[in-house]
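Undergrad: Model the following, please.
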Amino acid sequence: MKILGIESSCDDTCAAVVEDGRILLSNCIASSAAEQNLYGGVVPEIASRRHIEHISQVAIQALADAHCTGPELDGVAATFAPGLIGAVLVGLNFAKGLSYAAQKPLIPVHHLRGHIAALYLAHPALKPPFLCLVASGGHSHIVEVHDYTSFTVLGRTVDDAAGEAFDKVSRTLGLGYPGGPAVSKMAKSGNASAYSLPTPHVEGKYNVSFSGLKTAVINTVHNAAQKGETLDVPGLCASFEHRITGILAEKLLLAARDTKATQICIAGGVAANSALRAAVENGAKPLGARVYLPEIALCGDNAAMIAAQGFYEYQAGHTADLTLNGLATLNMDYQIV
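TA: Numbers count the residues shown, from 1 in each chain. Okay, here's the model as predicted:
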């Protein structure tokens, strides 16, 4: 069963074809990150306009790379929530039009469910149930995956997402956008003990908070400037990365211990961070749990993950008609009634 996936929830315009939820046939991305970097982060209006410019060609290329035509598709899956609403609507409405023209089922996919499904492309043997940390620019969730379309959120950020904190720290230090890779690259030459940064405390056993940590970095930068002191940028990046990845790993592993999880996964853009991957792998060993990591190329936003999750949503009977609307926010454990 071949599913065309469409993803446009932020600044990447994506299309991909996946067979049976596991076999990647094509994966095309047109990114506006270089342009967004001029403004220090994503400008929603620019993102939406670039989606409009790129979406048709990206979809055509995805079909060509998969050696597939419209009539050979079995469904069209698209991100319908959450995301920048103007951006979401571009991809969703394109998918609606394609679904109608080709007379193929329209399959709505939640963006975070898609990030989890990226793991199925890297690990064909991986099946629920498992525990997963989904960490990206807009979200930080610890999720029990009961089945392919059944989820329970155990913990989440109460303020900034992990990826958002990386982006804002990177902007403060003048390292550019996207912030995660920039901060991580700088951290490689720094000392993680160079700066003492706080570990935020928050209600909720598995919840996290990164606003205070981000603010501590910003204050460190401003204080150094006011005093005329030289800032150790690699050391500050290393200290920040060590703290934020340590918090994420600690909460995930705590949840794994409490739920007796035998399979632990991470997903989302922050899952590309080498320090986080190492912390989770090392921490899982005493628990006797197996760790599954996504391919680096599939950690960020992409349509392959949407097509993969679309297969399982379709199998569960989750299709939509042309009245489907995009949503800026939606809990990933929503139930279709």
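Undergrad: If we ignore the residues flanking it in sequence, what's nearest residue 169?
TA: residue 217 (5.0 Å; CB to CB, 6 or more residues apart in numbering). Yep, even glycine has a C-beta here, placed from its N, CA and C like the rest.
Undergrad: Does that neighbour fall in a helix, a strand, or a coil region?
TA: With DSSP: H, G, I helix; E, B strand; the rest coil as the basis, residue 217 sits in helix.
Undergrad: That one against residue 197, yeah?
TA: Yes - the pair residue 217 / residue 197 is scored as a contact, 6.9 Å apart, by CB atoms under 8 Å.
Undergrad: where do the contact lists of these two overlap?
TA: Common neighbours of residue 217 and residue 197 (criterion: CB atoms under 8 Å, 6 or more residues apart in numbering): residue 240.
Undergrad: re earlier: what is the neighbour count of the residue nearest to residue 169?
TA: By other CB atoms under 10 Å, the residues close to residue 217 number 23.
Undergrad: how far away is it from residue 241?
TA: 11 Å (CB to CB, to the nearest Å).
Undergrad: Residue 132 sits in which helix or strand?
TA: strand 130-135 (DSSP states H and E).
Undergrad: ditto for residue 190
TA: Residue-wise, residue 190 maps onto no helix or strand under DSSP H and E.
Undergrad: hang on, isn't it packed against residue 235?
TA: Yes - contact criterion CB under 8 Å: residue 190 and residue 235 qualify, at 4.3 Å.
Undergrad: Of those two, give the one with the bigger neighbour count.
TA: residue 190 (21 against 18).
Undergrad: Let me know how buried the nearest residue to residue 302 once chain neighbours are set aside is, in neighbour terms.
TA: Of all residues beyond its chain neighbours, the one nearest residue 302 is residue 14 (5.2 Å), with distances taken as CB to CB, 6+ apart. By the criterion of other CB under 10 Å, residue 14 has 31 neighbours.
Undergrad: distance of the residue nearest to the spatial centre of the chain from residue 291?
TA: Centrality entry for the chain: nearest residue to the mean C-alpha point is residue 268, 2.9 Å, by CA atoms, centre = their mean. To residue 291, residue 268 is 15 Å away according to CB to CB.
Undergrad: do residue 232 as well
TA: Distance from residue 232 to residue 291, by CB to CB: 32 Å.
Undergrad: Identify the residues contacting residue 54.
TA: Taking CB under 8 Å, 6+ apart, we find residue 54 in contact with 13, 30.
Undergrad: can you list the domain ranges for the chain.
TA: Under the assignment automatic domain parsing, the domains of the chain span 2-118+298-315, 128-296.
Undergrad: Looking at those, which is nearest to residue 331?
TA: domain 128-296 (7.0 Å; CB to CB).
Undergrad: The closest one - what's its average pLDDT?
TA: Averaged over domain 128-296, pLDDT sits at 96.
Undergrad: next one: that domain to chain centre, how far?
TA: 13 Å (CA atoms, centre = their mean, to the nearest Å).
Undergrad: Can you measure across that domain, start residue to end residue?
TA: 21 Å (CA to CA, to the nearest Å).
Undergrad: From residue 165, how far off is the residue nearest to residue 169?
TA: 8 Å.
Undergrad: Then residue 84?
TA: For residue 84 relative to residue 165 (CB to CB), the value is 19 Å.
Undergrad: who has more neighbours, the two?
TA: Between residue 84 and residue 165, counting by other CB under 10 Å, residue 165 is the more crowded of the two (28 against 22).
Undergrad: contacting residues for the more buried one?
TA: 210, 211, 213, 214, 244.
Undergrad: The second one: what's it in contact with?
TA: Listed by CB under 8 Å, 6+ apart, the contact partners of residue 211 are 159, 160, 165, 200.
Undergrad: most neighbours, which of those?
TA: In the contacts of residue 211, the most neighbours by other CB under 10 Å go to residue 165, 28 neighbours.
Undergrad: In which helix or strand does that residue reside?
TA: Judged by DSSP H and E, residue 165 forms part of helix 162-173.
Undergrad: And the helix or strand following that helix, what does it pack against?
TA: Downstream of helix 162-173, the first helix or strand assigned by DSSP H and E is helix 179-187. Applying 3 or more CB pairs under 8 Å, 6 or more residues apart in numbering; DSSP states H and E, we find helix 179-187 packed against helix 162-173, helix 233-259, helix 274-284.
Undergrad: Make TSV from the ones you listed and add distance to residue 116 to it.
TA: Below are the helices and strands packed on helix 179-187 laid out as TSV (distance: least, CB to CB, whole Å):
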stretch	distance to residue 116
helix 162-173	16
helix 233-259	14
helix 274-284	15
